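Q: Quick one, fold the following:
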Amino acid sequence: MAQQHPPGGKSALQSLTAAGGAIAAAIAVVVGVVLAFVFAATVVVFGLVLSALVALVALAVRASRLGRRKSSAPEDDGIIEARHLGGHSWVAYGWNERA
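A: This next block holds a predicted model:
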């Protein structure tokens, strides 16, 4: 048997389902917007942490280069180590290792 509708209108059940569908669609849109903001904030925080990590790596590389320069600087300057033994006596170290 076919459903009988009131003349000239929709059934009450169809109106109720249309309203429920509209409410569910609105809730889905709100949840989607909230999730979009959460994931956008996650990407921003990830970018900030990554840039801080890159800055720390750059500082570590720079410090490493400065450390290498300082450790090799005495050989490059031509300065040898000498110690005063008292009176007119001095002892020099490292001069014979420069061949």
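
Q: what about A22, distance to A41?
A: A22 sits 29 Å away from A41, going by C-beta to C-beta, to the nearest Å. All C-beta atoms are positioned from the backbone trio N, CA, C, and that covers glycine.

Q: ok, now V91?
A: From V91 to A41 the distance is 67 Å (C-beta to C-beta).

Q: So what's the gap between the one helix or strand V29 maps to and the chain middle?
A: Element membership for V29 (DSSP states H and E) is helix 12-77. Counting by C-alpha atoms, centre = their mean, to the nearest Å, helix 12-77 is centred 7 Å from the centre of its parent chain.

Q: what's downstream of it, the next helix or strand?
A: Counting by DSSP H and E, what follows helix 12-77 is strand 81-86.

Q: Just checking: what are the partner strands of that following strand?
A: strand 89-93 (antiparallel) (DSSP bridges).

Q: Pull the CA coordinates from the partner strand and hand them back as PDB.
A: Output in PDB follows, covering the C-alpha atoms of strand 89-93 (Å, rounded to 0.1, in the frame of the first residue of the first chain):
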ATOM      1  CA  SER A  89     117.400  28.700  31.700                       C
ATOM      2  CA  TRP A  90     114.500  28.200  29.500                       C
ATOM      3  CA  VAL A  91     113.000  25.000  28.000                       C
ATOM      4  CA  ALA A  92     111.000  25.000  24.700                       C
ATOM      5  CA  TYR A  93     108.500  22.300  23.700                       C
END
